[in-house]
Structure formats: structure tokens, C-alpha cells
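Undergrad: this one's structure only:
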């Protein structure tokens, strides 16, 4: 199978002056650089533009685009900013297209590694890696499937991205998650590869929200994106064991119930909801079956159950 060697990147950036230079330095240091990287300043007022201009002057493949001003901050606006960058790619030939946040960093082999994974399996449509926040361990994949790809960096095979129609401008969020689910619904594989890790410098969900408010919003988003109630029940129980103990899980469950009681409008199709629920129930059955087997082994003096099966 021929190697995939060309890719483009798009970064919607809103007030990322604190971290975006780390991201830029990571991309500039890549052993395989993108043929074009468009950084879209989405109404930044903190010096983000000046940092990007400095590097764009030194590297012709980096371009700064300024998005029209908007007062309200929402996820549909991020998609609009992404699409401004995407419009700059139409005349280019490339194998893969990546959405890259402006607050992460990674090693110099990062994108050559991801491109190699795409090249090794023609059915892979979307790839990424885990990320690490602060001093914490890498993102917890015990409840999030290895098939989920974090929005911090999503690298799509070009055909896959075009087939899913790009990102859905969902104002309430879940833009990255919708893209992952849609790719699988269209028959593509999606995969996080744990051999590499990026560093996420701003904690997820904290840009506008405190920790409990972010958990509540996540629960409401779970409902909006069609999460199965049984799945959400187990997820709530699991999150109650994480910091902040009890209250984090309760906030998550309350957010889901809030969406359920309100019958909040869903930005996704009934087809996607049904597909997502089938996936969740299949994973839950696998988990519960594996957990029961491990429990029997423990009672019989078997090895202690590994953490990978826990919710």
C-alpha cells in the first residue's frame, strides 16, 4: 500500500496566546510538515494574531485568517472558523486533513506516525492519540472507547472527511464527537493509538465552566447526542468515583436528566442516535460480561482484575 505523505491542518483559535506558540513549535518541528496550515483567529483579542503572524512570516505554509467578529461564543462558531480554513484547501492535493487545537503540543514524529497508521489500513478514516493534561495520567479510555478520537487533534483520511460532510455546526457542542460517530456510521474505522500522547495545556471543559458545571454540560450533551439512558446510568456511577467524588457523577447525571425532562432538541439525525445507542449497548454487554468473568476468576483465586475493564 502506498504511503500517505501529504496533509493539511486547520486550527480555529480564539484567545490562545498563552499556548498557541507551543502548538506552532510542535508543528514546525515535525519531520513531516503539512503542505499548508491555516490558523483561523476567531475574534482573538489577546495577541494570538501577533504570535501567528510571526511564524507565518518565517514559514510560507502557515497562513493566518481572521474570522468575522462575533460576540457570542459557541461551537457552531468554531465550525464556521474551521470552514474558513477549509476553503483555503480546495485547490490543494493532499491525503489527509487534520483539525488541531491551538493549545496542545507533541513530539516531532507525531503526524508521520498518524499518517503511517492511515496508510497501513485503508479502512481507517480517522485517527488520533490520547492526550495528557497537567500532571494527570493520559485521558481515561476505560469508559471512552478506543474508537473515540479526541477533538484536540483529529486526522481524517481525505475521502472520509468529504464523505461525512465535514463538521456539523452544533451550537451546543459535540462537534468532534459527531464527526467520529458519523465516520463509523458511514463504514469507516476510527481509532486512537496509544503509542503516542499529546499534551493538552488547557483542561477540557474549563474554558467557560467550572468543573461541576462542565460535568453538567457533558451530561446534557450526552442526551443531545442520543446517549442511551442505561449507558448514562453506568457512566454516572463511574464518574461518582472520580474527582470530585460523588458530586461530579451526580452533576453528569443531572445534566442528562435535564435534557431528558426538557426533551432538548437534538442536532443529530435519528439514524445517528440509533447507531450510537447500538454501539453503547454492545460495549456495555462486553464490559459486563468481561467483569463477570473477572469476578469469577478472582473468587477462584485468579489474578486481580486489570483496570482496563472498569467504568
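TA: Noted; the coordinates are in hand. Everything numeric in this text was worked out from a predicted model, so none of it was measured. Numbers count the residues shown, from 1 in each chain.
Undergrad: Skipping its backbone neighbours, what lies nearest residue 83 in space?
TA: Leaving aside its sequence neighbours, residue 83 sits nearest to residue 166 (Cβ to Cβ, 6 or more residues apart in numbering; 7.1 Å). All C-beta atoms are positioned from the backbone trio N, CA, C, and that covers glycine.
Undergrad: Can I take it that that neighbour is in a helix?
TA: No - applying DSSP: H, G, I helix; E, B strand; the rest coil, one finds residue 166 to be coil, outside a helix.
Undergrad: Now it: phi and psi?
TA: Residue 166 adopts backbone torsions of phi 80, psi -160, taken as degrees, to the nearest 10.
Undergrad: Same check on residue 223?
TA: phi -70, psi -50.
Undergrad: Tell me how far it lies from residue 267.
TA: 12 Å (Cβ to Cβ, to the nearest Å).
Undergrad: ok, now residue 214?
TA: Going from residue 214 to residue 267 by Cβ to Cβ gives 19 Å.
Undergrad: ditto for residue 249
TA: Taking Cβ to Cβ, one finds residue 249 at 25 Å from residue 267.
Undergrad: do residue 286 as well
TA: As defined by Cβ to Cβ, residue 286 lies at a distance of 28 Å from residue 267.
Undergrad: Residue 76 belongs to a helix?
TA: Yes - secondary structure of residue 76 (three-state DSSP): part of a helix.
Undergrad: Tell me how many other residues surround it.
TA: For residue 76, the tally of surrounding residues (other Cβ atoms under 10 Å) stands at 18.
Undergrad: pLDDT score assigned to it?
TA: pLDDT for residue 76: 83.
Undergrad: Give me the spatial nearest neighbour of it, chain neighbours excluded.
TA: Among residues not flanking residue 76 along the chain, residue 169 sits closest, at 3.8 Å (Cβ to Cβ, 6+ apart).
Undergrad: Equivalent analysis for residue 64, please.
TA: Nearest residue to residue 64, sequence neighbours excluded (Cβ to Cβ, 6+ apart): residue 52, at 4.5 Å.
Undergrad: ok, now which ones touch that neighbour?
TA: 13, 20, 24, 39, 41, 62, 64 (Cβ atoms under 8 Å, 6 or more residues apart in numbering).
Undergrad: got a pLDDT number for it?
TA: Confidence score, pLDDT, at residue 52: 98.
Undergrad: Now do the SS call for it.
TA: Strictly by three-state DSSP, residue 52 counts as helix.
Undergrad: Over to residue 260: give its phi and psi.
TA: phi -70, psi -50.
Undergrad: just checking, it touches residue 223?
TA: Yes - Residue 260 lies in contact with residue 223 (Cβ atoms under 8 Å); the separation is 5.6 Å.
Undergrad: Let me see the ranges of the helices in the stretch 151-300 of the chain.
TA: Counting by DSSP state H, counting those that start in this stretch, the stretch 151-300 of the chain has these helices, from start to end: 158-164, 175-185, 211-224, 229-239, 247-262, 270-299.
Undergrad: Mind listing what's buried along stretch 82-93?
TA: Within stretch 82-93, the residues that qualify as buried are 82-86, 88-89, counting by 16 or more other Cβ atoms under 10 Å.
Undergrad: In JSON lines: the residues you listed, plus distance to residue 235, pLDDT and secondary structure.
TA: Listed next are those as JSON lines, based on distance: Cβ to Cβ, whole Å; pLDDT from 0 to 100; DSSP: H, G, I helix; E, B strand; the rest coil:
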{"residue": "82", "distance to residue 235": "28", "pLDDT": "97", "secondary structure": "helix"}
{"residue": "83", "distance to residue 235": "32", "pLDDT": "97", "secondary structure": "helix"}
{"residue": "84", "distance to residue 235": "35", "pLDDT": "97", "secondary structure": "helix"}
{"residue": "85", "distance to residue 235": "33", "pLDDT": "98", "secondary structure": "helix"}
{"residue": "86", "distance to residue 235": "33", "pLDDT": "98", "secondary structure": "helix"}
{"residue": "88", "distance to residue 235": "39", "pLDDT": "97", "secondary structure": "coil"}
{"residue": "89", "distance to residue 235": "37", "pLDDT": "97", "secondary structure": "coil"}
